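Visitor: what follows is a protein structure lacking sequence information:
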RNA sequence: GCCUCCAUAGCUUAAAGGAUAGAGUACUUGUCUUCGGAACAAGUGAUGGGGGUUCGAUUCCCUCUGGAGGCACCA
């Protein structure tokens, strides 16, 4: 990478001045007139060197050894050193791999929707963030495992199952006006009837059941008592489910002891639980497909490499807490087992509740060592909403005591909470926006937009008039909706990813589904435009265009950069050398921006900041659009320059496509 | 009451302690519409108040104001 080599050169210069060479770093100036790279090292060293920063910067510049990388170095006002890289070096760097890292095993846990509840935009956010972080790690060459952790036991599930049994939910309340108006209008519907409904509707019904149960739990003490008992029963039911599914599963806890009374018949509870659980899991899979969540591993369990369930990891967490209770890490308090007070000012948290059941905290203590057992990770990243940041501090503190390696190598990232303009979402009150309805709404808006523009342009190829027209247009219609969905996903994901993580997001359709300016569709549009230009220029010969030096380095392992970089050195009649091409500042500007890709990706991955990728891609697309408006590429008269420009277009296309993939969505050919 | 996070243009936001605080949107005005207008160009407009550290502060510290979240048996 360019920065690595620059660091070597500067380290040499600074050690020539007998100064500390630590911490020589380069930034990418926003303004290209400040160079390709800039460093503030002179200002940082000026105090120790007892020199004024500007003088020091000048001395460093004088001591820079001869090299074939740098075109120009400037010491500027307060003490910046700006580096302009030779165009030939920029060109060569485009073909280098971004990774200088040792490959690591990285676990990324994200999305984490709870069975029995709807998949809302908060989950969508977590999914977008997690997927892009996973792909960033993959871009660096790491071995990434996508994990999903789902709460299939606990009070929220008890509320849902209670609602399934007692709710008597009328069909109209969860299908709305769209539902078929049959006899089951106000009566409530039977479980058998629900089974016959499409998956989406079943999940809507489950959502209502949860709301019913949660309300009862809060407002009706009698119901709350029942739900509590049902909860204990459900732990037992879930355990039986695991034993049945996996003969090797070893039960750690005897849940029967907690079941004081079976409020509902065991078989009934079991059927409702197992069926409802599977419904939501199937439903989530459909959404992952739309979102493009997909593991790279051939032996993945599904969209994710592995799905962890609370009902399973609870067992390990429970035994861990019991073990460390004896060692004094936890203490008993009011019948519950808690993390001891006043540890580094952390909150007291309950790990085993007073009924003897493990809470989320204990389950998490089981989960993380399990991840390590399976994946032996170098790094484990967990993505959740930031409302549980405090809780994670307590959890990670305790995890470090119990399993120092796992604790130290686990990072929690809290992203912002997604709010609706009316306030916080709540699945209890039904005031939520489901991920699926958002995708559908976005898709229909894209279709609307496509219909507006397609009349005047060549978006949809003209179909042959005649008898087959209807069938052809039906086919186009099908294509169109696939494209529309891709564009919609791009709009949604980009709007969620383009800002810093951690801030709350107030969700507004109009702003998040914008197709103009700094948006996902703008990037896709730019890619489409590139492809269109390339398509018109007979791109075949371009594919072989490469710089001579990168070929040389691939074959000979020699990193030296030839001053005479050749474009398209071997094939075809086009044999151009960069040094002989009469390129202009506009062209060079694009080349310089393209050369930043590797630095941007590396930084984004290191800082776990996908939004920096958005910023870069938008700048690149925007610069290209501006260039496009100024220069007619295909009408370039100088043939060599024209080929160079087409090569630039293909690189823009390639870079944007790679970048968009890292953000978690796909480019399209036409839109 | 205690703890954590946040405050930048009308709105949404960017900026490892660095250069003239960078964008999008909205508004005003243009370009052009025969390489795809989901475009391009120009203009208006911002660091909540007060202290401090520093050669230099949107960034770090203190304080005030305003907002969000958390403070044990939900996650």
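Guide: Right, received. Where do you want to start? All values reported here derive from a predicted model rather than from experimental measurement.
Visitor: and the closest residue to RNA strand B within chain A, its phi and psi?
Guide: Nearest residue of chain A to RNA strand B: residue A:517, at 1.9 Å (C-beta to the nearest atom of the strand). C-beta coordinates here come from the backbone N, C-alpha and C atoms, glycine included. In terms of degrees, to the nearest 10, the main-chain angles of residue A:517 are phi 60, psi -140.
Visitor: neighbours around the closest residue to residue A:414 other than its chain neighbours, how many?
Guide: In space, and not counting its chain neighbours, residue A:414 is closest to residue A:386: 3.1 Å by C-beta to C-beta, 6 or more residues apart in numbering. Other residues near residue A:386 number 17, with proximity taken as other C-beta atoms under 10 Å.
Visitor: which residues touch residue A:386?
Guide: A:414-417, A:502 (C-beta atoms under 8 Å, 6 or more residues apart in numbering).
Visitor: residue A:514: how many residues sit nearby?
Guide: For residue A:514, the neighbour count with other C-beta under 10 Å is 18.
Visitor: doesn't it belong to a helix?
Guide: No: assignment of residue A:514 by DSSP: H, G, I helix; E, B strand; the rest coil gives coil, placing it outside any helix.
Visitor: who's in contact with it?
Guide: Applying C-beta under 8 Å, 6+ apart, the residues contacting residue A:514 are A:491, A:495.
Visitor: one more: residue A:537?
Guide: A:633-634, A:646 are the contacts of residue A:537 under C-beta under 8 Å, 6+ apart.
Visitor: could those go into CSV alongside neighbour count?
Guide: Below are the contacts of residue A:537 laid out as CSV (neighbours: other C-beta atoms under 10 Å):
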residue, neighbour count
A:633, 18
A:634, 12
A:646, 23
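Visitor: so residue A:490 touches residue A:521, yeah?
Guide: Yes: at 5.8 Å, residue A:490 counts as touching residue A:521 under the criterion of C-beta atoms under 8 Å.
Visitor: rewinding a little: and the gap between the residue nearest to residue A:414 and residue A:505?
Guide: For residue A:386, the distance to residue A:505 (C-beta to C-beta, to the nearest Å) stands at 11 Å.
Visitor: need the residues touching each of these two.
Guide: Contacts common to residue A:386 and residue A:505, judged by C-beta under 8 Å, 6+ apart, are A:416-417.
Visitor: leaving out sequence neighbours, find the closest residue to residue A:392.
Guide: residue A:412 is the one closest to residue A:392 (C-beta to C-beta, 6+ apart), at 4.3 Å.
Visitor: sorry, that was for residue A:56
Guide: Nearest non-adjacent residue to residue A:56 (C-beta to C-beta, 6+ apart): residue A:42, at 4.4 Å.
Visitor: could you confirm whether the strand or helix carrying the one you found reaches RNA strand B?
Guide: For residue A:42, the element it lies in under DSSP states H and E is helix A:41-49. Yes: judged by C-beta under 7 Å from any atom of the strand, helix A:41-49 and RNA strand B are in contact via A:43-44, A:46-47.
Visitor: out of the contacts of residue A:537, which touch RNA strand B?
Guide: Among the contacts of residue A:537, RNA strand B is touched by A:633-634 when using C-beta under 7 Å from any atom of the strand.
Visitor: picking up where we left off before, just the pLDDT for the residue nearest to residue A:414.
Guide: We have a pLDDT of 88 for residue A:386.
Visitor: again, but for residue A:545
Guide: Note for residue A:545: predicted pLDDT of 42.
Visitor: now swap in residue A:175 and tell me
Guide: At residue A:175, the predicted lDDT confidence score is 75.
Visitor: same check, this time on residue A:466
Guide: 38.
Visitor: what stretches of chain A score poorly on pLDDT?
Guide: For chain A, applying pLDDT under 70 flags the ranges A:96-101, A:176-187, A:341-345, A:421-423, A:426-431, A:454-478, A:538-576.
Visitor: does any bit of stretch A:349-358 sit next to RNA strand B?
Guide: Yes: applying C-beta under 7 Å from any atom of the strand, one finds stretch A:349-358 touching RNA strand B at A:349-350, A:353-355, A:357.
Visitor: of the residues you listed, buried ones?
Guide: Those of these that meet the buried threshold are A:349-350, A:353, A:357, by 16 or more other C-beta atoms under 10 Å.
Visitor: next step: the residues you listed restricted to strands.
Guide: residue A:350 (DSSP state E).
Visitor: nearest to residue A:641, of the buried ones among the residues of stretch A:349-358 next to RNA strand B?
Guide: Nearest to residue A:641, judged by C-beta to C-beta, of those is residue A:349 at 66.2 Å.
Visitor: returning to what we had before: neighbour-wise, which of residue A:490 and residue A:521 wins?
Guide: residue A:490 (28 against 23).
Visitor: what would the buried ones among the residues of stretch A:349-358 next to RNA strand B look like in TSV with distance to residue A:668?
Guide: Formatted as TSV, those follow (distance: C-beta to C-beta, whole Å):
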residue	distance to residue A:668
A:349	47
A:350	50
A:353	51
A:357	49
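Visitor: ok, back up a step: ok, the residues of helix A:41-49 next to RNA strand B vs residue A:271, which is closest?
Guide: Nearest member of these to residue A:271, counting by C-beta to C-beta, is residue A:44, at 67.3 Å.
Visitor: dihedrals phi and psi, the nearest residue to that closest one once chain neighbours are set aside?
Guide: Nearest residue to residue A:44, sequence neighbours excluded (C-beta to C-beta, 6+ apart): residue A:23, at 6.9 Å. Phi and psi for residue A:23, reported as degrees, to the nearest 10, are phi 70, psi 30.
Visitor: returning to what we had before: just the contacts of residue A:537: which are in helices?
Guide: Those of the contacts of residue A:537 mapping onto helices are residue A:646, per DSSP state H.
Visitor: reformat the contacts of residue A:537 as CSV; add distance to residue A:585.
Guide: Converted to CSV, these look like this (distance: C-beta to C-beta, whole Å):
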residue, distance to residue A:585
A:633, 16
A:634, 20
A:646, 18
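Visitor: now the closest residue to residue A:384 other than its chain neighbours: which helix or strand?
Guide: Closest residue in space to residue A:384, ignoring its immediate chain neighbours: residue A:414 at 6.1 Å, by C-beta to C-beta, 6+ apart. Assessed by DSSP H and E, residue A:414 sits inside strand A:410-415.
Visitor: packing partners for that strand?
Guide: Counting contacts by 3 or more C-beta pairs under 8 Å, 6 or more residues apart in numbering; DSSP states H and E, strand A:410-415 packs against helix A:121-139, strand A:379-385, helix A:389-402.
Visitor: right, and those - which one's nearest residue A:282?
Guide: The nearest among those, by C-beta to C-beta, is helix A:121-139 at 15.7 Å.
Visitor: please see if that closest one touches RNA strand B.
Guide: No: between helix A:121-139 and RNA strand B, judged by C-beta under 7 Å from any atom of the strand, nothing touches; the nearest distance is 10.6 Å.
Visitor: please state the offset of that helix from the chain centre?
Guide: 1 Å (C-alpha atoms, centre = their mean, to the nearest Å).
Visitor: try stretch A:593-602
Guide: 19 Å.
Visitor: quick one: it near RNA strand B?
Guide: No: with C-beta under 7 Å from any atom of the strand as the criterion, RNA strand B is not reached by stretch A:593-602; the gap is at least 11.1 Å.
Visitor: ditto for stretch A:280-289
Guide: No: using C-beta under 7 Å from any atom of the strand, stretch A:280-289 never reaches RNA strand B; the gap is at least 14.5 Å.
Visitor: just to revisit the earlier point, beta partners of the residue nearest to residue A:392?
Guide: On the basis of DSSP bridges, residue A:412 is bridged to residue A:382.
Visitor: who's in contact with it?
Guide: Residue A:412 neighbours (C-beta under 8 Å, 6+ apart): A:382, A:384, A:389, A:392, A:396.
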